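Colleague: kindly generate the corresponding structure for this input.
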Amino acid sequence: MNTGTAQEKAAETVRALIVDDEQNLAELLSLAFRYQKWESATAFDGAGALAAMRDFRPSIVILDVMLPDINGLELLAKIRGINQDVPVLFLTAKDAVEDRVVGLTAGGDDYVTKPFSLEEVVARVRALMRRAGSVEVGDDAVIQVGDLTLDEDSHEVYRAGEPVELTAKEFELLRFMMRNPRRVLSKPQILDRVWSYDFGGNANVVELYISYLRKKIDAGRSPMIKTLRGAGYMLKAADG
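Modeller: As a prediction, the model looks like this:
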């Protein structure tokens with residue numbers, strides 16, 4: 001059965017239930033969601049998840065496949081018994097194609113493999129909530145800074161109307177910078193929000209990817225990406 005009327009849901013913000021037995025990871029996701037001004041609750045096993053489904057009544061579930069008391073795919077069936085329409089985003093360390101197929105055919109709505117960046121999970125949640133259309137996500141899919149535009153749903157990027165081809169990680173870095181225009185972003189901030197714990201312990205990865213972005217975003221144009229020595233990086237409109 002569904003929880004709440006359509007009118008009640010339309011007035012809600014995102015209410016995310018995070019189900020993962022890695023408590024530190026669950027708390028990181030919860031912090032990232034609060035940064036988006038979303039509500040969140042955490043559960044570390046299947047029993048806790050089912051209790052939260054009834055008490056917290058989430059608008060989306062972020063579900064780890066491997067839990068201590070029940071397989072995530074089995075738990076999904078129980079979740080659907082409480083709310084058959086709630087979107088479910090699977091988290092798993094498994095990256096084989098067959099595992100993704102099993103998760104999605106079992107009724108999951110999307111799939112992210114560990115390790116992942118917090119920005120990527122936030123973007124997937126935002127896309128699922130837009131698709132569901134039952135709650136207010138809080139912003140639009142298209143971000144624009146000066147003549148640079150980024151579409152979070154289609155992953156298309158344009159500078160002055162010209163398409164810019166980016167890798168997945170370059171896209172995540174640019175998205176974080178465009179969501180914080182004219183703000184100095186330190187290396188630790190960027191690592192935390194874009195790479196989470198998936199950077200191999202090499203903080204120089206930020207400098208490397210900033211250089212990649214500059215070649216694709218700023219090459220032959222007025223530069224938008226600025227370096228503030230000893231502080232970090234800033235993105236702003238070329239004429240700003």
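Colleague: would you map out the domains in the protein?
Modeller: Structurally, the chain divides into domains by the TED database as follows: 15-132, 142-235.
Colleague: switch those over to CSV; also include mean pLDDT and mean neighbour count.
Modeller: From N, CA and C alone the C-beta is placed, and that goes for glycine too. Formatted as CSV, the domains of the chain follow (pLDDT from 0 to 100; neighbours: other Cβ atoms under 10 Å):
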stretch, mean pLDDT, mean neighbour count
domain 15-132, 86, 18
domain 142-235, 88, 16
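Colleague: please report how far R131 lies from R124.
Modeller: 11 Å (Cβ to Cβ, to the nearest Å).
Colleague: one more: I143?
Modeller: Separation of I143 from R124 (Cβ to Cβ): 16 Å.
Colleague: show me where the chain has its helices.
Modeller: For the chain, helices defined by DSSP state H occupy the ranges 6-10, 23-35, 46-55, 72-82, 97-105, 118-132, 168-178, 187-190, 205-213.
Colleague: show me what the third one is packed up against.
Modeller: Right, helix 46-55. Secondary-structure packing of helix 46-55 (3 or more Cβ pairs under 8 Å, 6 or more residues apart in numbering; DSSP states H and E): strand 15-19, strand 39-43, strand 60-64, helix 72-82.
Colleague: in CSV: these, plus distance to T167.
Modeller: Output for the helices and strands packed on helix 46-55, formatted as CSV (distance: least, Cβ to Cβ, whole Å):
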stretch, distance to T167
strand 15-19, 27
strand 39-43, 29
strand 60-64, 24
helix 72-82, 29
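Colleague: show me the one of those that comes nearest S186.
Modeller: S186 sits nearest to strand 39-43 of all the helices and strands packed on helix 46-55, at 25.0 Å, using Cβ to Cβ.
Colleague: got a list of what L213 touches?
Modeller: 166, 170, 173-174, 225 (Cβ atoms under 8 Å, 6 or more residues apart in numbering).
Colleague: switch to 6 Å and redo it
Modeller: Each residue near L213 by Cβ atoms under 6 Å, 6 or more residues apart in numbering is listed here: 170, 174.
Colleague: what about E162, distance to W38?
Modeller: 34 Å.
Colleague: same question for M129.
Modeller: M129 sits 9 Å away from W38, going by Cβ to Cβ.
Colleague: ditto for L29
Modeller: Distance, L29 to W38, by Cβ to Cβ: 10 Å.
Colleague: now do D147
Modeller: D147 is 30 Å from W38, by Cβ to Cβ.
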